[in-house]
Each structure stands twice: as C-alpha cells, then as structure tokens.
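Asks: Got a sequence here, can you model it:
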Amino acid sequence: MNGVEIESIEKQYWDSTEHTGMQKRGANHTVIEFYAKQRFDYIQTKIPLNSIQSCLDVGAGTGFSSIHFPNPEVITSTDYSFRNLKMNHSKNRIQASAYSLPFDSNSFDLVYGWEFLHHLDEPEKAVSEMSRVSKKYLILFEPNSINPALIALATFRKEERRILQYDRKKMIRFVSSLNYDVISCESVGWIFTGVTPSFSLGLFGKLPFVHKFGVAWALICKKIT
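Replies: A predicted model of the protein is given here:
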C-alpha cells in the first residue's frame, strides 16, 4: 500500500461522522484559542511573524491552527478531508494532498503543519513538498513520544501508534537532507485541545512552555538562501 492510498484511508477516517464528531470544541473555544495563541507567542520568539506576508497551513483541519495566526488574512489553509475543511473558517481554503500541494515553488514566506505528519505513511514526502513551496520558513509540530498521556493514547488507539516514533532526532531528520538551518527543536506545551478544562488555563499559563514532557515537538527552520 503506497502513501497516497494510506492518505486516502486517513481521509475516510476523518471524513466519517463518528470521528469528525470527536472534535467537539470549535476553533474559538477558550481552550483552543489559548492553546493556539501560546504556540504563536512561542514561534514569535524565534521568527518575526509580523513580517510574514504569505503563509500555508498544511493539514489545517477545522482551523484552530489557522484562525489564531497573528494575521489570519495571510493564511491559506489546506487539508485532504473536505469535511474538516468545510468547518474551517479561514478565508482561503483549498482541499489538497500534502503529497502534492497545488502551488508553485517558493510561494509562501512560511509553511507549517500541526500534528498531521504522524498520520501519514510517508511523512518525509510531505515535508519535502512543504519545503518546496516554502520561501523562508518551515515549522512542524508533532506529538512527543515520551509524554505519558500520549503514550497511553498511542497504546489504545491504533491510528495514533506512530506517535511513539516521534522524538527530537526524527524531527530533525525530516529536514536533514533539505536546505534548512534548524532554529530550534524543543518539546513544548501542556494542553490537550479535546480534554483540558478551561478552569486550568490559568495554571498552565504560568508553567514553562518548554519542558521535557511537552505534548509536542516544535521544529522551527529557516531556508538557506
């Protein structure tokens, strides 16, 4: 079974009523907004987001990784699932495979994807395609394989098993053969978008965002010109 076939299976999974219903919190939910803004505040310490004039969100899903971008007007959101993309409130939405993005090379100042690569059979191919359309920066967030809650999730849900493969070395390997300088690769965050209660946000806002057992690896890279 090739990567495109695997991606089609994932599309069917997320297009189904049963699994689409798992995301019960909309992009404007308090927890989702806090989660996304924490990430963008962190990214802002690494690269100047206010200078970004064009940005591509790959695997954007229902949109919380898009609409909370500091300047959402510059965002183009793509996802392979039409059902998820239909719930995405970004102004610019295009249904597309991460393996074949319908854009010219060097089209976007920034290209990023949040927690979608571990669902793919050939994530390296998707990263290469993201790199192709990026002009300056590439950012990847993927689950941290040593986070205890994610270990439990991967144990009980077969569609999440690839989480256990994602460590710092794997993240850096994604760009090791591409034309990038790694700005940072750190384990970050505390919040799980589907289950973290709103009342706990005050506490999580005070804790260090970067820590060993973060919920995700954050890889931030700059293209070498």
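Asks: Name whatever forms a beta bridge with the residue nearest to residue 180 when sequence neighbours are not counted.
Replies: Spatially, and ignoring its direct neighbours in sequence, residue 180 is nearest to residue 221 (4.0 Å; Cβ to Cβ, 6 or more residues apart in numbering). C-betas here are computed from N, CA, C, even on glycine. The residues listed as beta-bridge partners of residue 221 by DSSP bridges are residue 138, residue 182.
Asks: So residue 221 sits against residue 182, correct?
Replies: Yes. Using Cβ atoms under 8 Å, residue 221 makes contact with residue 182 at a distance of 5.4 Å.
Asks: Look up the pLDDT of the residue nearest to residue 180 for me, please.
Replies: The per-residue pLDDT reported for residue 221 equals 98.
Asks: Also residue 94?
Replies: 96.
Asks: Three-state assignment for residue 110, please.
Replies: When the structure is reduced to helix, strand and coil (DSSP: H, G, I helix; E, B strand; the rest coil), residue 110 reads as strand.
Asks: burial count for it?
Replies: Neighbour count of residue 110, defined by other Cβ atoms under 10 Å: 24.
Asks: Could you name every residue contacting both of residue 221 and residue 182?
Replies: Contact with both residue 221 and residue 182 is made by residues residue 175, according to Cβ atoms under 8 Å, 6 or more residues apart in numbering.
Asks: Compare these two (neighbour count), which wins?
Replies: Residue environment comparison for residue 221 versus residue 182 gives the larger neighbour count to residue 221, 26 against 14, counting by other Cβ under 10 Å.
Asks: what's near enough to touch the more buried one?
Replies: For residue 221, the contacting residues are 137-139, 175, 180-183, by Cβ under 8 Å, 6+ apart.
Asks: same thing with residue 130?
Replies: Under the criterion of Cβ under 8 Å, 6+ apart, the neighbours of residue 130 are 56, 58, 98, 101, 111, 113, 138.
Asks: So what pairs up with the spatially closest residue to the fifth one that is not a sequence neighbour in the strands?
Replies: Same thing as residue 111. Of all residues not flanking residue 111 in the chain, residue 134 sits nearest, at 4.1 Å (Cβ to Cβ, 6+ apart). Beta bridges link residue 134 to residue 108 when assigned by DSSP bridges.
Asks: In this structure, mark out all the strands, start to finish.
Replies: Ranges of strands in the chain, per DSSP state E, are 55-58, 75-79, 92-95, 108-114, 134-143, 180-188, 216-223.
Asks: Keeping just the C-alphas, turn the fifth one into CSV.
Replies: In this case it means strand 134-143. In CSV, the C-alpha atoms belonging to strand 134-143 read as follows (Å, rounded to 0.1, in the frame of the first residue of the first chain):
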residue,chain,number,x,y,z
SER,A,134,8.3,27.5,1.3
LYS,A,135,10.3,30.6,0.5
LYS,A,136,11.7,31.3,4.0
TYR,A,137,10.4,29.2,7.0
LEU,A,138,9.2,25.8,7.8
ILE,A,139,7.5,24.8,11.1
LEU,A,140,6.4,21.4,12.2
PHE,A,141,4.6,20.4,15.4
GLU,A,142,4.3,16.6,16.1
PRO,A,143,3.5,14.6,19.3
